[in-house]
Structure formats: structure tokens, C-alpha cells
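1. When you get a sec, could you give me coordinates for this:
(2 chains)
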Amino acid sequence: MIRLRGVGVRLGGRWVLRGLDLDLPVGVVAVTGPNGVGKTTLGRVLLGLVVPDEGEVRTDGCRRAAVFQEDRLCPHLDAVANVRLVLPRDVTRDAVRAELADLGLPDEAHDRPVRELSGGQRRRVAIARALLTDAPLVVLDEPLTGIDEDARGHVLDRVAQACAGRHTLLVSHDARDAERLGARLVGLADGTLVP
Amino acid sequence: MRPVLVVAFWLVVWQVAAVLVGQRILLPSPVEVLTRLGELVVTPEFWTTVATSMVRIVAGLLLGTALGTLTAALAARSRTVDALVTPLLGAVRAAPVVSFIILVLIWVDTVRLSVVVSTLMVLPVVHTAVLTGLRHRDVALLEMTTVFGVPWQRRLAAVDVPAVLPFFAAACRVGVGLAWKSGIAAEVIGLPAGTIGERLYDAKLLLESADVFAWTLVVIALSLTLERLVAALLAHPTAAQSAPGGAS
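-> Residues are numbered from 1 along each chain as shown, chains lettered A, B, ... in the order given. Here you go, the predicted model:
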């Protein structure tokens, strides 16, 4: 179990999170809420990128993976190399290609530097990078940004399949995404969870 | 305008000026200088002299580049190192090169003089450039590598090197010129045997202005050639592109 207790984070003199308690069992927990309520900060706390000013975060040192709000890809590397950057050496280019293809990235885009890809294509690379790891903790921050409406369902199904058996936090504006992933929905307002 | 025409234009200006001055000691003509250069290049001594100076100056360039990269990497990791080292290297960069030449002459023998002086001139330039490049790294990408636990060797190739390379390449190009200028100046003052600096000093003593010009042309040619070589070597960051891979 991954557990947050009484977590508070101050950014720019303002409490973005305050007194936040959250259990993250195996499965998907989806955090929804309007802009600026601390959803992304919560994800960053779980990823170890923000150290809380108060409270306790228990992740038992487990490895992490993420689809960040931005793609965070190395622009000069091709799509396959970007994914392999975070994977063990024994994961072959073919395995990465299969995942990219499954997510809808055309074959001809696999070997091109990602700076030459469209926004939706880069998003698929970022998703593949997170899904192909075996990290027990996964944070998905608005993972479907830039993905076509027609493709969202398939990508979500692949996310659900890959995240089975992991502790997954989904940050999303869209409750439909959470429903398709079978996620437990929690709301965030004024820096703390609301029923 | 074509480079050949530019060179031809200035050669004509030089020739006209030499004719107007009319004294070989003050200003030899380009024909005299090129003739003298032609006489020099066919002698074995010319090549051993060039090789001796080049090996020492290139050694200083490489050493300064390596040390500058190392100090920048340490300064990027540690604020204490940055606070201690960066002002010191700023002072080294601002100090007159002759001060270092005289000091280094006291510390080491003349054989090592041009190596040490070139190193000292190149080191602060490379340090500043590499440190600037490291500070321009994409923080979002660094966070990504932290979250995914990317090994440092892969991060180095995929994130650090591409960020630093443009700054490093520019510093190396500047460093080549600095290394030659300071290295030859050190040789002229320290007079290590069998070096270009010693030949320049001898030419000055004997009032052989054509020799001074010929050896200066040699230094310019060597410096520009090395600068272009460095620029070509650092122009394509292909190492970064193959960083995470290996064959499929």
C-alpha cells in the first residue's frame, strides 16, 4: 500500500496541498478537480519530485513511472530510443516498436527524432515509455492530452491492461477517462480530498 | 565576396605597402615572405619545429579542456566548489598572459612552459562554457530521468551532452586560438629549444622580418586548421542519438 498522511505542500507562500490523506492500493485512483487545486502537485509528491512541507509519504522506495503533463522526451532521439532510455537493456527495439504500434504510432514514425512528430504522436511515445516499465507506482497526469477522440478508448484500454497490478494515480479533468479505467474517483479542492 | 578574392585583395594591399615603405626590415613584401616560407618548409628542421610546438600546445589545449570540463561538472554539482573555483578561474581569465608566463617560468622548466600556459588560458573558457551549458539543461528532462531511475551514463548521453555541446564546441574553437597565441608567446619568452617561439625570437634578433612573417603565417595556418577540425568533430552530436540503444 502506498500511503500519504497529513501531507502539506507550500509553493510560493501558498498551501497547495494541506492535510491530505490518501491510500493508493493496487489499481487506479483518479483525482479530478478544477485547475490549480493541486492535482499535479499530488502526482509530483508521489514521484518524489516535491518534498512535502508536512506529513508523511510512504512508497516503500518502489520504482516509479510517469506520463507527465508535458511529454518530456529527448527531442533529438527517435521514438524508440526515447522509450528505451528508461528501460532495461534486454528490452529490444522490436518490443518497443510493438508497443508504439499498439498505441497507434505509425511504423514510419518509430525511427524519426521525436521533434519531427506531431503532438499526438509524441504523446503516444510518452505513454509507451511509462507503460513498458514494470514500475509498481505509475502517475498519469492528463495522459490523453493531444490524443484524437477516436483513439482515446483504445489507448485507455491499453493503459488499463498495462497498469493492472500496479499502484496508479490518474490525474484527469475528464471523469469518463477514469470510468473507462475502472478507477476509484476522488476529488481535490482547496488542497485536500473531498468526498 | 569569395575568400580567394579577399585574400588576393589584402596581398595586393600588403605588396603596395611594402613597396611604399621600401625597407625589408620594417615590412617585407608578400613575395619575399612566401619565398622564405617556401625555403623553410623543405627543411626537416621546419617540420620538427612545427611538431614540437604543436604537440605541446595541443597537449595544453586538451589538458585545459579536460580540466575545464571537470571543474565545471564539479561546480554544477556543488555550490561550495562553484563558490571556490569560479571566481578563481575568472581571475585567471582576466590576468595578463605574460604574468602567467613569467610565473610558470619560475615554477616549471621551459619544455613544459607552453603546455602549462596554454592549459591555463583554455581552462577558464571551457569551465565557463560547460557550466553555462549544464545550467541550461532541461529541468523537465532531468526530472524525467530521476523519476524513471535512468542510469547516469544514459542521462549523460541523452540529456547532458546535447545541452552542453553547443557551449562546449564554441569554447573549444575559442580555446584553439587562445592556446596557440599564449603558447607561442610563452615560447618566445621562455625560449625552449626547437620551437616556433624560439625561431621567432631568433628572427627578431637577426632582424629577419621575412622569417617573423613566415613563422607567423605558419602559426595562423595551424591555428585555423585545428579550429576547423575541432568544429567539424563537434558539429554532429551523433553519440547522443545512439545513447540508449544498441542494435535491435
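
2. Share the number of residues neighbouring the nearest residue to B:L11 once chain neighbours are set aside, please.
-> Nearest residue to B:L11, sequence neighbours excluded (Cβ to Cβ, 6 or more residues apart in numbering or on different chains): B:P30, at 5.0 Å. (Glycine included, C-beta is placed from N, CA and C.) For B:P30, the neighbour count with other Cβ atoms under 10 Å in any protein chain shown is 18.

3. check contacts around B:P30.
-> When contacts are counted by Cβ atoms under 8 Å, 6 or more residues apart in numbering or on different chains, B:P30 touches B:L11, B:W14, B:Q15, B:A18.

4. can you pull the pLDDT of it?
-> Looking at B:P30, its pLDDT is 93.

5. Distance-wise, check it relative to B:T71.
-> 44 Å (Cβ to Cβ, to the nearest Å).

6. what does B:I25 give?
-> 46 Å.

7. One more: B:G177?
-> 21 Å.

8. Please look at A:V194 and A:L185 and confirm they touch.
-> No - contact criterion Cβ atoms under 8 Å: A:V194 and A:L185 do not qualify, at 10.9 Å.

9. Can you tell me the centre-most residue of chain A?
-> The centroid of chain A falls nearest to A:L140 when counting by Cα atoms, centre = their mean (1.7 Å).

10. Pull the contacting residues for it.
-> By Cβ under 8 Å, 6+ apart, the neighbours of A:L140 are A:A66, A:V67, A:A130, A:V159, A:C163, A:T168, A:L169, A:L170, A:V171, A:S172.

11. one more time with 6 Å
-> By Cβ atoms under 6 Å, 6 or more residues apart in numbering or on different chains, the contact set of A:L140 is A:V67, A:L170.

12. what lines up beside the host helix or strand of it in the sheet?
-> Per DSSP states H and E, A:L140 falls inside strand A:137-141. In the sheet, strand A:137-141 lines up against strand A:64-67 (parallel), strand A:167-171 (parallel) (DSSP bridges).

13. So if I had to pick from B:G177 and B:T71, which one is more boxed in?
-> Higher neighbour count among B:G177 and B:T71: B:T71, with 24 against 16, using other Cβ under 10 Å.

14. mind checking how far B:V42 is from chain A?
-> 48 Å (Cβ to the nearest Cβ, to the nearest Å).

15. what's the spacing between stretch B:103-117 and its chain's center?
-> 17 Å (Cα atoms, centre = their mean, to the nearest Å).

16. who touches that stretch?
-> Contacts of stretch B:103-117 (Cβ under 6 Å, 6+ apart): B:R56, B:I57, B:A59, B:G60, B:F100, B:I101, B:S182, B:G183, B:A186, B:E187, B:G190, B:P192.

17. Between those, which sits nearest A:T40?
-> A:T40 lies nearest to B:G60 out of these, by Cβ to Cβ, at 50.1 Å.

18. to the chain's geometric centre, what's the distance from the helix or strand that contains that closest one?
-> In the assignment (DSSP H and E), B:G60 maps to helix B:44-77. Its chain's C-alpha centre and that of helix B:44-77 lie 8 Å apart, by Cα atoms, centre = their mean.

19. ok, now stretch A:82-99?
-> 18 Å.

20. Run through who's touching it.
-> Applying Cβ under 6 Å, 6+ apart, the contact partners of stretch A:82-99 are A:73-74, A:80, A:110, A:114, A:125, A:128-129, A:132, B:148, B:150, B:154, B:158, B:244-245, B:248.

21. Nearest to chain B: which residue in chain A?
-> Of all residues in chain A, A:R93 sits closest to chain B, at 3.3 Å by Cβ to the nearest Cβ.

22. Please state the backbone phi and psi of that residue?
-> Note on A:R93: its backbone torsions stand at phi -60, psi -40 [degrees, to the nearest 10].

23. What residues sit buried inside the lowest-mean-pLDDT helix or strand in chain A?
-> Within chain A, no helix or strand scores below strand A:192-194, which has a mean of 79 by mean pLDDT, DSSP states H and E. Under the neighbour-count criterion of 16 or more other Cβ atoms under 10 Å in any protein chain shown, strand A:192-194 has A:T192, A:L193 buried.

24. Would you map the helices across chain B?
-> Along chain B, counting by DSSP state H, helices occupy B:3-21, B:30-41, B:44-77, B:79-94, B:97-107, B:110-135, B:139-148, B:152-155, B:161-190, B:196-205, B:209-233, B:238-241.

25. What sits closest to residue 114 if chain neighbours are left out?
-> All of this is about chain A. A:V114's closest residue in space is A:L73 (Cβ to Cβ, 6+ apart), at 4.6 Å.

26. wait, chain B
-> B:G183 (4.0 Å).

27. ok, that neighbour - contacts?
-> B:I57, B:S114, B:S118.

28. Serialize those residues to a markdown table and add fields for neighbour count and pLDDT.
-> What follows is the contacts of B:G183, written out as a markdown table (neighbours: other Cβ atoms under 10 Å in any protein chain shown; pLDDT from 0 to 100):
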| residue | neighbour count | pLDDT |
| --- | --- | --- |
| B:I57 | 31 | 97 |
| B:S114 | 32 | 94 |
| B:S118 | 30 | 96 |
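
29. Of the contacts of stretch B:103-117, which one scores lowest on pLDDT?
-> For the contacts of stretch B:103-117, the least confident position by pLDDT is B:F100, scoring 87.

30. give me the number of residues near A:V159?
-> 25.

31. Actually, B:W107.
-> 9.

32. For B:F100, see how far away it is.
-> Counting by Cβ to Cβ, the gap from B:W107 to B:F100 is 10 Å.

33. Next: B:V117.
-> 6 Å.

34. Compare neighbour counts for these two and give me the winner.
-> Neighbour comparison, B:V117 and B:F100: the larger count goes to B:V117, with 32 against 19 (by other Cβ under 10 Å).

35. which residue sits closest to that one, ignoring its sequence neighbours?
-> Nearest one to B:V117, counting by Cβ to Cβ, 6+ apart, is B:A186 at 4.1 Å.

36. Quick check: that neighbour vs chain A, distance?
-> Distance of B:A186 to chain A, computed by Cβ to the nearest Cβ: 40 Å.

37. cool, B:L200 as well?
-> Distance from B:L200 to chain A, by Cβ to the nearest Cβ: 45 Å.

38. neighbours around that residue, how many?
-> B:L200, neighbours per other Cβ under 10 Å, totals 23.

39. Identify the residues contacting it.
-> Taking Cβ under 6 Å, 6+ apart, one finds B:V188, B:W215 in contact with B:L200.
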